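Engineer: Structural data only, the sequence is not supplied:
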């Protein structure tokens, strides 16, 4: 089954009992047992729910994994996966990582003595150099947020295998339509499904897919124990979003490429970050491991003052947190998504006050370019 068809027909997408072409929303907390321990497949909706289960089969199919899991948010998914580790363990993480992931590791999980090192994972030598005797996992975000740095997943898989590390990939920006990390050697792939997978700014959720049955058993135990599960209505919304994921990603990328071309020629724009550019660091790697480059663009206008002026003037780009929606979104990472990262650390990473991040939507690209043109000024 080809990728685009899999978005529509992957996993459980129909109701076998009635023939309904949309899985019903099982708005239920508990289930009648035909005898003590004699279940009809479900006992309690924290442990399992038919609508959530249908979604979990779909994400497993899309990522070519053995099992999938749905959580109440992307951060709930990441937190649960991190609970596979023990106190005293060490994890190597991408340095240019989502601010929420950075906050989780440095402000929350560090209190439970889970150690971390943030390194440029596009440099294999730096990754090798960060591995210690107690390192147990390697966490990669590619493309990264917000500088869209690219990490060679096959190379990281080799390093993880060499050092017996759990290899985890955040695939939110790429989506399973453009990239399948499990096929490239990852053990676990996760998403903030709030973003492209949902795609309509109407649901908060996280998804995980794993390669092995052994990992699936461990994560299901944690999912049930911690309880940060996705509700049935949100699960249904995600399944609906997945059916159009391929079409949305193709339209979004087509718009993004034209916007990048416009930004490159504007005198008020400095650096433009987009993996589809031949001069973008890691472009060749992205080309080898991704089927498309996505709809995230970051660009620098030189100062925080000009950046905020641009954000005030745009009409079709909505100033908002999040990304991956049908509507174009715009943000200032230094004061929004990455505000939880200390200023000196942001400066070290290259996340300046003049850096603007846009999530391209499916509007008419001519309107988007004209809107950006009037906002950037002459």
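Structural biologist: Arrived safely. Quick caveat: nothing in here was measured; it's all calculated off a predicted structure. Numbering: from 1, shown residues only.

Engineer: residue boundaries of the helices in the chain?
Structural biologist: Here the chain has its helices, by DSSP state H, at 3-9, 50-62, 74-82, 99-103, 124-130, 153-162, 175-178, 213-226, 232-243, 245-264, 283-289, 304-313, 343-349, 365-376.

Engineer: Could you dump these into JSON lines and include distance to residue 23 and mean neighbour count?
Structural biologist: (Glycine included, C-beta is placed from N, CA and C.) Formatted as JSON lines, the helices of the chain follow (distance: least, Cβ to Cβ, whole Å; neighbours: other Cβ atoms under 10 Å):
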{"stretch": "helix 3-9", "distance to residue 23": "13", "mean neighbour count": "15"}
{"stretch": "helix 50-62", "distance to residue 23": "4", "mean neighbour count": "24"}
{"stretch": "helix 74-82", "distance to residue 23": "21", "mean neighbour count": "23"}
{"stretch": "helix 99-103", "distance to residue 23": "30", "mean neighbour count": "19"}
{"stretch": "helix 124-130", "distance to residue 23": "41", "mean neighbour count": "15"}
{"stretch": "helix 153-162", "distance to residue 23": "32", "mean neighbour count": "18"}
{"stretch": "helix 175-178", "distance to residue 23": "19", "mean neighbour count": "27"}
{"stretch": "helix 213-226", "distance to residue 23": "20", "mean neighbour count": "16"}
{"stretch": "helix 232-243", "distance to residue 23": "6", "mean neighbour count": "21"}
{"stretch": "helix 245-264", "distance to residue 23": "16", "mean neighbour count": "19"}
{"stretch": "helix 283-289", "distance to residue 23": "32", "mean neighbour count": "17"}
{"stretch": "helix 304-313", "distance to residue 23": "40", "mean neighbour count": "16"}
{"stretch": "helix 343-349", "distance to residue 23": "42", "mean neighbour count": "14"}
{"stretch": "helix 365-376", "distance to residue 23": "34", "mean neighbour count": "17"}
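
Engineer: Report the contact partners of residue 377.
Structural biologist: 268, 309 (Cβ atoms under 8 Å, 6 or more residues apart in numbering).

Engineer: Look at the closest residue to residue 142 other than its chain neighbours and say how many residues are nearby.
Structural biologist: Nearest residue to residue 142 in three dimensions, chain neighbours excluded: residue 151, at 4.2 Å (Cβ to Cβ, 6 or more residues apart in numbering). When neighbours are defined as other Cβ atoms under 10 Å, residue 151 has 25 of them.

Engineer: swap in residue 84?
Structural biologist: 18.

Engineer: What's the separation between it and residue 109?
Structural biologist: Distance, residue 84 to residue 109, by Cβ to Cβ, to the nearest Å: 12 Å.

Engineer: Residue 58 and residue 240 touch, don't they?
Structural biologist: No - here residue 58 lies out of contact with residue 240, judged by Cβ atoms under 8 Å, at a distance of 11.0 Å.

Engineer: Over to residue 133: give its phi and psi.
Structural biologist: phi -60, psi -30 (degrees, to the nearest 10).

Engineer: what about it, distance to residue 66?
Structural biologist: Distance from residue 133 to residue 66, by Cβ to Cβ: 30 Å.

Engineer: Of these two, give the one with the bigger neighbour count.
Structural biologist: Set residue 133 next to residue 66 and count neighbours by other Cβ under 10 Å: residue 66 wins out with 15 against 6.

Engineer: give the contact list for the more buried one.
Structural biologist: 60, 210, 211, 212, 213, 216.

Engineer: Enumerate every residue touching the second one.
Structural biologist: Translated: residue 210. Residue 210 neighbours (Cβ under 8 Å, 6+ apart): 65, 66, 67, 68, 69, 182, 187, 188, 189, 216, 219.

Engineer: got it, and the third one?
Structural biologist: With contact set as Cβ under 8 Å, 6+ apart, residue 211 has these partners: 65, 66, 182, 186, 187, 188.

Engineer: change it to 7 Å
Structural biologist: Residues near residue 211 by Cβ atoms under 7 Å, 6 or more residues apart in numbering: 65, 66, 182, 187.

Engineer: Chain neighbours aside, what residue packs nearest to it?
Structural biologist: residue 182 (5.0 Å).
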